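# Sequence and predicted structure, then a few things I'm wondering about:
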Amino acid sequence: MNQELWNEILAFDLDNPPSEYGFSVRLAKEYYWTQDFTQQAIVEYKKFMYLAATSDFMVSPSEIVDCVWHQHLIFTQSYQDFCLLLGKQIQHIPSTHNKDDFDKFRQAKARTLKFYERDFGAQPKSIWAYNDMFESLNLGKAQMKLRTFIIVGILAFICLTVPAYFLLKPVYVQINNPYFVIGFIVLSLVTLLLLELYNRRKLKNIVTEFDKDSFIFHLQPFELVYLKTQNLGNVINGTVNELVDNGTIVVQNKKLELAESNNETTNIAQLQVITILADLGTTSYDRFFSSLVSKPVFGNVSNSMDAFLKYFNKSKKFGNLFYTNFIVLASLLLFSFTRIVTGILRDKPIYLIVLFTVIIVIVMIMFLKNLTKQIATTIIPNFYKNNILSTTQIENNWQWRYFLSGTAVLTTSFAPLVTTVVQNNSGGNCTSSCNSGGSSCSSCGGCGGGGD
């Protein structure tokens with residue numbers, strides 16, 4: 001292995017020069033990738049390009065590596081500089097899916113694996129074995145969308161009211177209203193409690209079935225903050241507070257300004273914060289916050305986490321869990337609805353049971369809605385807290401403490417400004433939505449090892 005060349009390749013900064021919508025930010029946005037996965041994919045792309053530069057034969061990228069390659073080709077000057085460093089102009093050869101090309105690309109893939117293991121060891125499965133970031137979750141797609149199932153379920157509920165009435169009427173005429181209401185309240189509470197315990201156990205089991213090198217086990221603190229709170233504003237607050245905490249930003253008279261001699265940053269998000277504050281000058285946090293919330297570096301956090309949640313909710317495993325909850329709750333509601341019909345036909349007072357039925361319908365809707373977010377807001381954050389994070393990580397990293405404790409760890413001078421922004425923006429939730437649960441680029445055959 002040419003260690004000197006590899007060190008130079010590894011040190012090559014694809015984000016140079018830094019910008020608001022630079023290489024890694026754009027790459028993450030295009031494919032809904034997390035921060036760590038994006039950086040890992042970039043490293044694997046560099047390994048692939050090293051193999052292409054040092055081999056006289058064609059080598060072939062994975063789908064994910066090819067996504068990075070496609071993105072780099074768009075940044076023409078950076079790509080040219082990279083090829084100069086490699087000492088070879090690496091040509092991108094797309095797959096035409098012709099039979100004549102099939103054997104050539106198959107050999108290139110086998111050759112790539114051999115060269116990779118020789119120089120770098122085992123290939124990371126999350127990058128080389130899957131077509132996109134989300135496949136490592138091992139979640140098959142559900143045959144029926146949740147919305148479709150709900151519509152079918154409502155129609156089935158309506159159809160079942162008639163046989164349920166004739167089946168339950170002989171029992172209901174023997175039970176007076178106060179006793180029925182009390183019994184139904186107890187049954188409802190017990191059912192909801194048992195479902196909650198069942199859901200948590202099933203969701204925890206699903207998480208343990210994810211590949212151990214999956215992106216979900218390598219989330220950054222602020223990504224978990226967004227999962228936990230479903231509010232991008234909390235990510236922005238945490239980023240700004242960290243700069244206040246280290247003295248880069250100064251809070252005076254409820255205004256923010258850059259310190260004169262300390263403008264240190266450790267990541268792209270902090271650089272974005274400093275750049276905007278430098279443009280605004282001394283400003284209120286409300287105005288500053290409004291300028292930050294639309295920036296891609298923050299939007300990528302919500303995009304990737306929303307894409308994960310959407311992908312998860314479309315899965316067969318979650319679908320089966322949701323179907324079970326819906327059927328149990330609909331069956332419970334059928335008891336109440338049938339009681340109302342029985343009361344109407346017997347000219348009995350039904351106001352109390354109608355009131356409680358309306359309440360239980362609202363509770364059930366909220367319960368099912370919470371179920372669609374529970375993997376994000378509860379299960380994964382608790383999994384990190386109980387199974388992944390160590391005491392040393394928490395003590396030595398403010399971001400992890402912020403994930404665990406929330407606003408309680410905000411700097412004293414900055415916390416009141418956050419409260420003001422929250423109050424001013426209480427009418428909306430600072431989140432972004434995505435249109436797909438991940439993306440995969442088209443297949444690439446490989447590259448010519450010989451180059452031009």
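That came through, no problem. Keep in mind the model is a prediction, meaning the values are calculated, not measured.
# Surely Asp286 is within a helix?
Yes. Checked against DSSP: H, G, I helix; E, B strand; the rest coil, Asp286 lies within a helix.
# wait, it sits on Val293?
No. Look at Asp286 against Val293 with C-beta atoms under 8 Å: they stay out of range, at 11.1 Å. Placement of C-beta: from N, CA and C, glycine included.
# Those two: which is more packed in?
Using other C-beta atoms under 10 Å as the criterion, Asp286 and Val293 rank with Val293 on top: 18 against 14.
# and the longest helix for this protein?
helix 177-208 (DSSP state H).
# Who are the packing partners of it?
helix 316-345, helix 351-371, helix 374, helix 380-383 (3 or more C-beta pairs under 8 Å, 6 or more residues apart in numbering; DSSP states H and E).
# what do you get if the cut-off is 7 Å, keeping everything else the same?
If contacts are counted by 3 or more C-beta pairs under 7 Å, 6 or more residues apart in numbering; DSSP states H and E, helix 177-208 sits against helix 316-345, helix 351-371.
# Please spell out which residues along that helix are buried.
177, 180-181, 184, 188, 191-192, 195, 199, 203-204, 206-207 (16 or more other C-beta atoms under 10 Å).
# Can you report how many residues lie near Asn397?
For Asn397, using other C-beta under 10 Å, the count is 13.
# quick revisit: quick one, which of the helices and strands packed on helix 177-208 is nearest to Pro163?
Proximity to Pro163 (C-beta to C-beta) singles out helix 316-345 among these, at 9.8 Å.
# Please report the distance of Pro221 from Trp6.
31 Å (C-beta to C-beta, to the nearest Å).
# Over to Thr239?
33 Å.
# And those two? Which one has more around it.
Thr239 (21 against 17).
# Against Thr407, how distant is that one?
When Thr239 is compared with Thr407 (using C-beta to C-beta), they lie 14 Å apart.
# which ones are touching Phe215?
For Phe215, the contact set (C-beta atoms under 7 Å, 6 or more residues apart in numbering) comprises 34, 36-37, 126, 133, 136.
# Apply 8 Å and report the result again.
Listed by C-beta atoms under 8 Å, 6 or more residues apart in numbering, the contact partners of Phe215 are 33-34, 36-37, 126, 133, 136.
# Could you tell me which of those residues belong to strands?
Taking DSSP state E, every one of the contacts of Phe215 sits outside strands.
# which of the residues you listed has the most neighbours?
Neighbour-wise, the contacts of Phe215 (other C-beta under 10 Å) top out at Met133, 30 neighbours.
# quick one, what contacts it?
Contacts of Met133 (C-beta under 8 Å, 6+ apart): 31-34, 37, 64, 126, 215, 438.
# nearest to Ile249, of these?
Thr34 (26.1 Å).
# How confident is the prediction for the closest residue to that closest one other than its chain neighbours, by pLDDT?
Leaving aside its sequence neighbours, Thr34 sits nearest to Ser304 (C-beta to C-beta, 6 or more residues apart in numbering; 4.7 Å). Confidence at Ser304, expressed as pLDDT, is 96.
# repeat for Arg200
96.
# quick one: it from Leu332, how far?
19 Å.
# next one: Thr112
For Thr112 relative to Leu332 (C-beta to C-beta), the value is 56 Å.
# Would you mind telling me which of those two has more residues around it?
Counted by other C-beta under 10 Å, Thr112 and Leu332 do not tie: Thr112 has more neighbours, with 26 against 18.
# Determine how far the helix or strand containing the more buried one lies from the middle of the whole chain.
Assigned by DSSP states H and E, Thr112 belongs to helix 99-120. Here helix 99-120 is found 33 Å from its chain centre; the criterion is C-alpha atoms, centre = their mean, to the nearest Å.
# Who are the contact partners of the residue positioned nearest the centre of the chain?
Against the mean C-alpha coordinate of the chain, by C-alpha atoms, centre = their mean, the closest residue is Met305 at 1.7 Å. By C-beta under 8 Å, 6+ apart, the contact set of Met305 is 34, 223, 226-227, 376.
# rerun that using 6 Å as the cut-off
Going by C-beta atoms under 6 Å, 6 or more residues apart in numbering, Met305 touches 223, 226-227.
# Just the ones in strands from those residues, please.
Among the contacts of Met305, no member lies in strands (by DSSP E).
# most surrounded residue in the residues you listed?
Neighbour-wise, the contacts of Met305 (other C-beta under 10 Å) top out at Tyr226, 28 neighbours.
# Tell me where the model's unsure across the stretch 351-452 of the chain.
Of all residues in the stretch 351-452 of the chain, those with pLDDT under 70 make up the ranges 422-452.
# Stretch 240-257: end-to-end distance?
One end of stretch 240-257 sits 11 Å from the other (C-alpha to C-alpha, to the nearest Å).
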